[in-house]
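Student: The following comprises the amino acid sequence and a computationally predicted model.
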Amino acid sequence: MANGPSLIALFTDFGVGSHYLGQVKARLLGEGVTLPIIDLCSDAPVFDPRSSAYLLASFLEYLPEYSIVLAVVDPGVGSARRAILAQMDGHWVLAPDNGLLSIALKRSECVSLQTILLDLPHRSRTFDGRDYFAPAAARLCQCLPLPGEIMSPEHMVGYDWPDRSLAIIYIDHYGNAVSGLFGEMLSPNQKIVLNGIRINYAETFSSVNKGTAFWYVNANNLIEIAVNSGSAAEKYALTIGSPLEIER
Amino acid sequence: MANGPSLIALFTDFGVGSHYLGQVKARLLGEGVTLPIIDLCSDAPVFDPRSSAYLLASFLEYLPEYSIVLAVVDPGVGSARRAILAQMDGHWVLAPDNGLLSIALKRSECVSLQTILLDLPHRSRTFDGRDYFAPAAARLCQCLPLPGEIMSPEHMVGYDWPDRSLAIIYIDHYGNAVSGLFGEMLSPNQKIVLNGIRINYAETFSSVNKGTAFWYVNANNLIEIAVNSGSAAEKYALTIGSPLEIER
Amino acid sequence: MANGPSLIALFTDFGVGSHYLGQVKARLLGEGVTLPIIDLCSDAPVFDPRSSAYLLASFLEYLPEYSIVLAVVDPGVGSARRAILAQMDGHWVLAPDNGLLSIALKRSECVSLQTILLDLPHRSRTFDGRDYFAPAAARLCQCLPLPGEIMSPEHMVGYDWPDRSLAIIYIDHYGNAVSGLFGEMLSPNQKIVLNGIRINYAETFSSVNKGTAFWYVNANNLIEIAVNSGSAAEKYALTIGSPLEIER
């Protein structure tokens, strides 16, 4: 490859600032990684690769070229589920084969997809982030290929998932509620309906009065419901999985 | 300048460990930053530049010389509010012009103050931390000047704010409640009164019995109400904005 | 020493992503540290060196050789309690002398133990993590010895603490409840009893049905109670300190 990787980004449901993140970093450093390591997102929907898949897809476009993304939302850890590596949109993404990569793959130019078959000693049964994906990422940092087999996207879990989700897939600490709809899927004259309540479009927070709800295209190109200086999640009792409708 | 910057510190209300922090770091790295980047404070009072201003001021003194501080508590993002850069106390601080810098400026020797006028492509309307302040900070790291206009402090939002706040401006995860009063503003024989309850001074936690409340000058020179091995916030139902009085 | 240190790991009860962590890092960088600094664990049991001691011990084995661990769970900060440095299992660990190191010491080959006696200007009374342990760690990074006195382990607080705790010592954000029992202390045919309810062993999450509780040896060799795709803490109302029994 022309350029080596630029950074390692962790996308996980490990919990913000959790020791799981610390241990993955310690392992990466112990494997000789010298690239910067960042917590890209640590509160992906817990045990929920499906909601997480839309969120992960939304981040990739905003990473520096040649990022390595270690993506772990992995309720099936310890089972026979495969580990995969995708090269897409100029990034390398490592993840369990549980659908987590499926939406990103749909939305990107995927150059290659393969299984990861590393034979590692002292591997725990419950912490592949530290014991499997981290050493795999460390190999990539050294520009070494990962052993495994070429895979066809249609054999990947989640290949048949829809390219959008009419549901809330993430809630941030301000109470903004992110949907599984990408920016190009709605036009400003459409409304989002939550439990019978219509939400109008606005371009940004300061376009509406304090306390007013609106939908907008967030900075990662996902459609998000927000309240100026308030919490949309609280106002409408939204949680991950809450459904929404579109009104033309 | 004689010395280049030493680190980039993020002071934000983005939420601890949030993906907003991750994305700002990814952008900084993508812009070629090689300085260490630290989350100095990620849970500044949400949507509240005024409370945050006292907190930010308290941190600057304890940073290594020539730190770059990216300070973003910015409910007005997307509006016409300006972005500013202050060189003060040996640091460079970038922030929205919403008062966030005002208390730090009062308490420091400010060498220069300017607006930031960067013309950036692909700028979102809602995430200036990533899309505006990060590339601006990256320019500073390269010792490049930022385009903009010299500003007089009295034209900055918050110039007329008082140098102290008789209120709780921050609560940490132990339940310690930080006020907007700096150490030199009270003497040990004075009492803080919360809802009619008098709190005495003590030098440190181990000076009082377990469960006893006291006020002291915290490690950042702010006056703080604490309980030895307990939570002052819980004991007195304190939240950000709770008022306090001083008794001589 | 043959090899210099590889990283600095922070083990604290400072709160995930808290400004206390940010300030410790700023200080380390200001002291000239160039090693990577990671938040190994930031939500150790608050004010509770005893529960934290089992947790800390469980992490050391999984760190790269020659790690420097700054361990601060320190309700007695500001009192006359000593600060100590232990060289054990190939790592250097700095901590208050309040028992925090005691379990790690029991479980490791300790090469040396000493008090830390640094004479530092401008030291706060309440933030030794930043003002005392950070500059001490920075000296270690420069391969400088720390002033202090050789100590015999039996003079360390916690020397007489049991090597196991029949209690919950940590709960993670999934709701997994970690005990103070190490993997080798139970065999798979034994059961853990919580309030009269028997919990069976399983090797990993996917070995049981969704919603089913089990105990297993976690990735840090501690015995943990978990629920497949659920929260054990919620299911059994567990908190730090909750007792458990063993049934043969």
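Tutor: All right, it came through fine. From a predicted model like this one, the values you see are computed outputs, not experimental measurements.
Student: Which strand or helix spans A:Ile169?
Tutor: Using DSSP states H and E, A:Ile169 maps to strand A:165-171.
Student: what's the spacing between A:Ser124 and A:Arg130?
Tutor: Using Cβ to Cβ, to the nearest Å, A:Ser124 is found at 8 Å from A:Arg130. No exception for glycine: its C-beta is placed from N, CA and C like everyone else's.
Student: For these two, list the residues in contact with both.
Tutor: Counting by Cβ atoms under 8 Å, 6 or more residues apart in numbering or on different chains, the residues touching both A:Ser124 and A:Arg130 are C:Ala219.
Student: Comparing these two, which residue is more hemmed in?
Tutor: The residue with more neighbours, out of A:Ser124 and A:Arg130, is A:Arg130; 25 against 19, by other Cβ atoms under 10 Å in any protein chain shown.
Student: Quick check on the more buried one: phi, psi?
Tutor: Taking degrees, to the nearest 10, you get phi -80, psi -40 for the backbone angles of A:Arg130.
Student: So it sits against A:Lys25, correct?
Tutor: No - the pair A:Arg130 / A:Lys25 is not scored as a contact, 9.3 Å apart, by Cβ atoms under 8 Å.
Student: which residues does the residue sitting nearest the centre point of chain A contact?
Tutor: Most central in chain A under Cα atoms, centre = their mean is A:Leu56, positioned 1.8 Å from the mean C-alpha point. A:Leu56 is in contact with A:Phe11, A:Cys41, A:Ala44, A:Val69, A:Ala71, A:Val93, A:Leu100, A:Leu101, A:Ile103, A:Ala104, counting by Cβ under 8 Å, 6+ apart.
Student: quick one: average confidence on the helix or strand containing it?
Tutor: Secondary structure from DSSP H and E places A:Leu56 in helix A:49-60. Mean pLDDT, helix A:49-60: 98.
Student: Quick check: next helix or strand after it?
Tutor: Downstream of helix A:49-60, the next assigned helix or strand under DSSP H and E is strand A:67-72.
Student: just checking, what packs against that following strand?
Tutor: Packing partners of strand A:67-72 (3 or more Cβ pairs under 8 Å, 6 or more residues apart in numbering or on different chains; DSSP states H and E): strand A:7-12, helix A:49-60, strand A:91-96, helix A:134-141.
Student: Just want the angle from it to strand A:91-96.
Tutor: Relative orientation of strand A:67-72 and strand A:91-96, computed by axes from the mean of the first three to the mean of the last three Cα atoms, to 10 degrees: 10 degrees.
Student: what pairs with strand A:67-72, and is each one parallel or antiparallel?
Tutor: strand A:7-12 (parallel), strand A:91-96 (parallel) (DSSP bridges).
Student: count of neighbours near the residue nearest to A:Thr115 when sequence neighbours are not counted?
Tutor: Distances taken as Cβ to Cβ, 6 or more residues apart in numbering or on different chains place A:Gly148 nearest to A:Thr115, at 4.2 Å, with adjacent residues excluded. Counted with other Cβ under 10 Å, residues neighbouring A:Gly148 total 17.
Student: in what helix or strand does A:Gly148 lie?
Tutor: Short version: A:Gly148 belongs to no helix or strand, going by DSSP H and E.
Student: show me the contacts for it.
Tutor: A:Ile84, A:Leu85, A:Gln114, A:Thr115, A:Ile116, A:Leu117.
Student: Skipping its backbone neighbours, what lies nearest the fifth one in space?
Tutor: Right, A:Ile116. Here the residue nearest A:Ile116, using Cβ to Cβ, 6+ apart, is A:Ala83, at 4.2 Å.
Student: pretty sure that neighbour is touching A:Asp131, no?
Tutor: No - A:Ala83 is beyond contact range of A:Asp131, at 11.3 Å (criterion: Cβ under 8 Å).
Student: And stretch A:207-221, what's buried?
Tutor: A:Val208, A:Thr212, A:Ala213, A:Phe214, A:Trp215, A:Tyr216, A:Val217, A:Asn218, A:Ala219, A:Asn220, A:Asn221 (16 or more other Cβ atoms under 10 Å in any protein chain shown).
Student: From the chain's centroid, how far away is it?
Tutor: Averaging C-alpha positions (Cα atoms, centre = their mean, to the nearest Å) puts stretch A:207-221 22 Å from its chain's average.
Student: Endpoint to endpoint, that stretch covers what distance?
Tutor: Taking Cα to Cα, to the nearest Å, stretch A:207-221 runs 18 Å from one end to the other.
Student: Counting by contacts, list what the helix or strand of chain A with the lowest mean pLDDT packs against.
Tutor: In chain A, the helix or strand scored least confidently by mean pLDDT, DSSP states H and E is strand A:110-115, which has a mean of 91. Where contact means 3+ Cβ pairs under 8 Å, 6+ apart, strand A:110-115 is packed against strand A:83-88.
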